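S.K.: let's see this in three dimensions:
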Amino acid sequence: MPIILNIETATSVCSIAVSKDGKLLSLKEIVDGNSHSSVITIFIQQLMEECKLSISDIGAIAVSKGPGSYTGLRIGVSTAKGLCYSLDKPLIAINTLQAMAWGMAKMNAGNLKNSLFCPMIDARRMEVYTAFYNYSNEEVRETSADIIDQYSYNDILSKQQVIFAGNGSDKCKEILLAYPNASFLDGFQASAKYMISIAENKFKKSEFENTAYFEPFYLKDFVAGKPKVKGL
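M.R.: Residues are numbered from 1 along each chain as shown. This is a model prediction of the structure:
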């Protein structure tokens, strides 16, 4: 199987992983939402050197497609598409929440196979991008933008154990812990290493994107904020 370059920039984490045969070869990541554009190509170059690979050795590029930060997604997808064009390699797109759910399940391997996993990405105020997945990484509730209140997910939490994680879960913790079936993975973040298995499976099935027309999955329309610098 080919070497796959995995790119995750949908949140405050800029994470790049190199994998082969579904196994991690090397990983570089930083948690700083303002550094994606300045470190992404540096990380890729450093990973190539660490793995003693040439950029031409890459067989496919996988990118976290969202939902998530508008700017972060643009940086990751534009980098991935640029590499695909220059190397003439296929593009693999992975739902950010699905990759996070895969990582959450592996952190709880064997202990919570009957639980659901709910990754959350901060969408400001009390809104989050989220979805529900089972232990087999199958989506059981589709990706959505939810405003969290005391009634959120009552239909699920009243019946089943749900594990929440991600940079959007902290602000929901106090509300959702009112349900005995709710628990949280503190400190869990999106990472390119959680994309590896999904990317490998998609490559085997030739589930590639049309590089020319592919766009990130924003979920919501981008709304520009007022500039903070006077005069802009």
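
S.K.: OK, contacts around the residue positioned nearest the centre of the chain?
M.R.: Centre of the chain computed as the mean C-alpha position; nearest residue by Cα atoms, centre = their mean is residue 96, 2.9 Å away. By Cβ atoms under 8 Å, 6 or more residues apart in numbering, the residues touching residue 96 are 8, 10, 11, 64, 65, 66, 67, 68, 119, 121, 190. Backbone N, C-alpha and C define where each C-beta goes, glycine included.

S.K.: could the residues you listed go into JSON lines alongside distance to residue 27 and secondary structure?
M.R.: As requested, these are exported to JSON lines (distance: Cβ to Cβ, whole Å; DSSP: H, G, I helix; E, B strand; the rest coil):
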{"residue": "8", "distance to residue 27": "10", "secondary structure": "strand"}
{"residue": "10", "distance to residue 27": "16", "secondary structure": "coil"}
{"residue": "11", "distance to residue 27": "16", "secondary structure": "coil"}
{"residue": "64", "distance to residue 27": "14", "secondary structure": "strand"}
{"residue": "65", "distance to residue 27": "20", "secondary structure": "strand"}
{"residue": "66", "distance to residue 27": "21", "secondary structure": "strand"}
{"residue": "67", "distance to residue 27": "23", "secondary structure": "coil"}
{"residue": "68", "distance to residue 27": "19", "secondary structure": "coil"}
{"residue": "119", "distance to residue 27": "19", "secondary structure": "strand"}
{"residue": "121", "distance to residue 27": "20", "secondary structure": "strand"}
{"residue": "190", "distance to residue 27": "13", "secondary structure": "coil"}
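
S.K.: tell me the two of those that are most distant?
M.R.: Of all pairs drawn from these, the greatest distance, 14.3 Å, lies between 65 and 119 (Cβ to Cβ).

S.K.: looking at the two, which is more packed in?
M.R.: Remark: of residue 65 and residue 119, residue 119 carries more neighbours, 32 against 25, as counted by other Cβ atoms under 10 Å.

S.K.: with adjacent residues omitted, what lies nearest to the more buried one?
M.R.: residue 100 (3.6 Å; Cβ to Cβ, 6 or more residues apart in numbering).

S.K.: and for the one you found, the neighbour number?
M.R.: Counted with other Cβ under 10 Å, the neighbours of residue 100 add up to 32.

S.K.: which phi and psi values does it adopt?
M.R.: Taking degrees, to the nearest 10, you get phi -60, psi -40 for the backbone angles of residue 100.
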